[in-house]
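*Asks:* have a look at this prediction, sequence included:
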Protein chains: 2
Amino acid sequence: MSTAEDLVIGILGGSGHEGSGLALRWAKAGYKVLLGSRSVERALEAAVELNARLERPTIIGVTNRAAAEQASIVVMTVPFSAQRSTAESVQDFLQGKVFIDVTVPLVPPKVARVQLPAAGSAVASLQEMLGEKVKVVSAFQNISAHLLADADKPIDCDVLVCGDDKEARDQVIDLAAAAGMRALHAGPIANSAAAEALTSVLISLNQRYKVNTAGIQITGIPHAMTPEFVAVR
Amino acid sequence: MSTAEDLVIGILGGSGHEGSGLALRWAKAGYKVLLGSRSVERALEAAVELNARLERPTIIGVTNRAAAEQASIVVMTVPFSAQRSTAESVQDFLQGKVFIDVTVPLVPPKVARVQLPAAGSAVASLQEMLGEKVKVVSAFQNISAHLLADADKPIDCDVLVCGDDKEARDQVIDLAAAAGMRALHAGPIANSAAAEALTSVLISLNQRYKVNTAGIQITGIPHAMTPEFVAVR
């Protein structure tokens, strides 16, 4: 298992709700986190705010470019409309690295309606664009930002981890566990379509049942078969 | 809620594992079930076998055509390759009825890989083909036939119910509850893509973790907000 010492996590679009929540949880777990944004001002601002909540200056605000360049694992949490351009802008720095794409292909205004891209999966398409030297892993699409923000609580939603490289998936499963989530090997990158589509279903469930944290749990697989997730410190 | 007296359920492809399991559970709950098959011999055989397990002759074996004609609600559990032709062959009898399509677009041999059709969802495409007078509802894609067969146990997997007609979805949610499953309104028929894709993920999870009943549960929605499902009699 990767330990906090040997990993620097860079988050592209880290000033958004999803990215900030992940940054907070990984920082709590002892990882060094580079919080990236297109605007360095926004990144610095978000880092200051999160560090105040952490009560230690663990998260560093940088540009997306610097986050991709200096991190050993890169995570992208940007809107669907910015997915390709953001990845393209840092493509050179992703070679040989694990690249966690959290993109959900929501098409406003009907975000509660599944509207997958013609190619099937937004994340699988990105893997194709970036080439196989970038180890794209799809994860965290179904995790509510509300739940992430409450960083002292384990999360009652499992993470489907899809990717063509098993070791890369293993790393992501460990990172999810460190952030308080149960994660599972959910197959090749093509299977990301399921997680992407599910997000619109969860939004639909939130609307229909007037809640804001609908999620999923995988049943039928004993917890002993997946890395134990830790209550975040 | 629909009661057992006023509903006749017809199951197209009812001699398969999924259809037989549903037939058994609905018969136990007191519904009249017409078990259809392309071959009436196979339908009769399956009905005899299921009635032996029920210890009463509740399930009637018929042709798919008779099942569609005489039922008030029609359910289709056939392989993806037979989906369109089966529906077409009984199309006249589906007008004005609720038509539950359980189809999962698996593409052998790689059934653990999500391979949704170009149009997005197999069930949404069928709704388009049949026209809006047939109230297509997508449901039960994620329910393992193993779990269905064990007809005295409630099922540890939620049912995502998608369809463009809310009343039709309500009926299906009640039918799922009668068969021992929690079901939820998961949005318009387009959202069936999520349930369809998820089945390949569940197959992938079954393979990876060497189990055979991986399923999903929706978290974040209190059970009090959905019809209570009953232990089957």
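*Replies:* That came in fine, so what should we check first?
*Asks:* for the rest of this, base every contact and every neighbour count on C-alpha atoms.
*Replies:* Fine.
*Asks:* secondary structure element holding A:Glu45?
*Replies:* Using DSSP states H and E, A:Glu45 falls within helix A:40-54.
*Asks:* typo on my end, A:Leu126
*Replies:* Going by DSSP H and E, A:Leu126 is part of helix A:122-130.
*Asks:* gap between the following helix or strand past that helix and the chain center?
*Replies:* Where DSSP H and E defines the elements, the next helix or strand beyond helix A:122-130 is strand A:135-138. Taking C-alpha atoms, centre = their mean, to the nearest Å, the mean C-alpha location of strand A:135-138 is offset from the chain mean by 10 Å.
*Asks:* list the buried residues of strand A:135-138.
*Replies:* For strand A:135-138, a neighbour-count test (16 or more other C-alpha atoms under 10 Å in any protein chain shown) marks A:Lys135, A:Val136, A:Val137, A:Ser138 as buried.
*Asks:* now for the helix or strand following it, which elements pack on it?
*Replies:* Past strand A:135-138, further along toward the C-terminus, the next helix or strand under DSSP H and E is helix A:145-149. Judged by 3 or more C-alpha pairs under 8 Å, 6 or more residues apart in numbering or on different chains; DSSP states H and E, helix A:145-149 is in contact with helix A:17-28.
*Asks:* any chance you could list what contacts the helix holding A:Leu126?
*Replies:* In this structure, residues lying in contact with helix A:122-130 by C-alpha atoms under 8 Å, 6 or more residues apart in numbering or on different chains are A:84, A:91, A:101, A:103-105, A:116, A:119, A:134-136, A:138, A:189-190, A:192-193, A:196.
*Asks:* likewise for stretch A:221-230?
*Replies:* Residues outside stretch A:221-230 that contact it (C-alpha under 8 Å, 6+ apart): A:154, A:173-174, A:176-184, B:209, B:211, B:213-214.
*Asks:* so which of those residues is the most crowded?
*Replies:* The most neighbours of any of the contacts of stretch A:221-230, using other C-alpha atoms under 10 Å in any protein chain shown, belong to A:Ala179, which has 29 neighbours.
*Asks:* and it, how far is that from A:Glu228?
*Replies:* Noted for A:Ala179: a distance of 11 Å to A:Glu228, by C-alpha to C-alpha, to the nearest Å.
*Asks:* where along chain A do the strands fall?
*Replies:* Secondary structure of chain A by DSSP state E: the strands cover A:8-12, A:32-37, A:59-63, A:73-76, A:98-101, A:135-138, A:159-163, A:183-185, A:215-219.
*Asks:* how about a markdown table for the ones you listed, with mean pLDDT and distance to chain B added?
*Replies:* Converted to a markdown table, the strands of chain A look like this (pLDDT from 0 to 100; distance: least, C-alpha to the nearest C-alpha, whole Å):
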| stretch | mean pLDDT | distance to chain B |
| --- | --- | --- |
| strand A:8-12 | 98 | 27 |
| strand A:32-37 | 98 | 29 |
| strand A:59-63 | 98 | 30 |
| strand A:73-76 | 98 | 22 |
| strand A:98-101 | 98 | 18 |
| strand A:135-138 | 98 | 13 |
| strand A:159-163 | 98 | 9 |
| strand A:183-185 | 98 | 7 |
| strand A:215-219 | 97 | 5 |
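*Asks:* so for A:Asp150, which of those strands sits nearest?
*Replies:* Set against A:Asp150 and scored by C-alpha to C-alpha, the strands of chain A come closest in strand A:215-219, at 15.2 Å.
*Asks:* surely A:Ala178 touches A:Trp26?
*Replies:* Yes. Here A:Ala178 reaches A:Trp26: they are 6.9 Å apart, a contact under C-alpha atoms under 8 Å.
*Asks:* now list whatever residues contact both of the two.
*Replies:* Joint contacts of A:Ala178 and A:Trp26 (C-alpha under 8 Å, 6+ apart) do not exist.
*Asks:* now for the helix holding A:Glu45, which elements pack on it?
*Replies:* Using 3+ C-alpha pairs under 8 Å, 6+ apart: helix A:40-54 touches helix A:17-28, strand A:32-37, strand A:59-63.
*Asks:* which helices and strands sit right next to the shortest one?
*Replies:* If you count contacts as 3+ C-alpha pairs under 8 Å, 6+ apart, strand A:59-63 packs onto strand A:32-37, helix A:40-54.
*Asks:* partner strands of that strand, with direction?
*Replies:* Here strand A:59-63 has these sheet partners by DSSP bridges: strand A:32-37 (parallel).
*Asks:* ok, residues contacting the partner strand?
*Replies:* Taking C-alpha under 8 Å, 6+ apart as the rule, strand A:32-37 contacts A:4-5, A:7-15, A:20, A:23, A:26-27, A:43, A:47, A:58-67, A:71.
*Asks:* the residues you listed, buried ones only, as a ChimeraX selection?
*Replies:* Filtering these down to the buried ones (16+ other C-alpha under 10 Å) takes a single ChimeraX command:
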select /A:4,8,9,10,11,12,13,14,15,20,23,26,27,43,47,58,59,60,61,62,63,64,65,66,67,71
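*Asks:* before we move on, the earlier item: greatest separation within the buried residues of strand A:135-138: which pair is it?
*Replies:* A:Lys135 and A:Ser138 (10.0 Å).
*Asks:* which residues are common contacts for those two?
*Replies:* Residues touching both A:Lys135 and A:Ser138 by C-alpha under 8 Å, 6+ apart: A:Gly163.
*Asks:* against A:Met76, how distant is A:Gly126?
*Replies:* Actually, residue A:126 is Leu. It isn't Gly. 12 Å.
*Asks:* no further questions, thank you.
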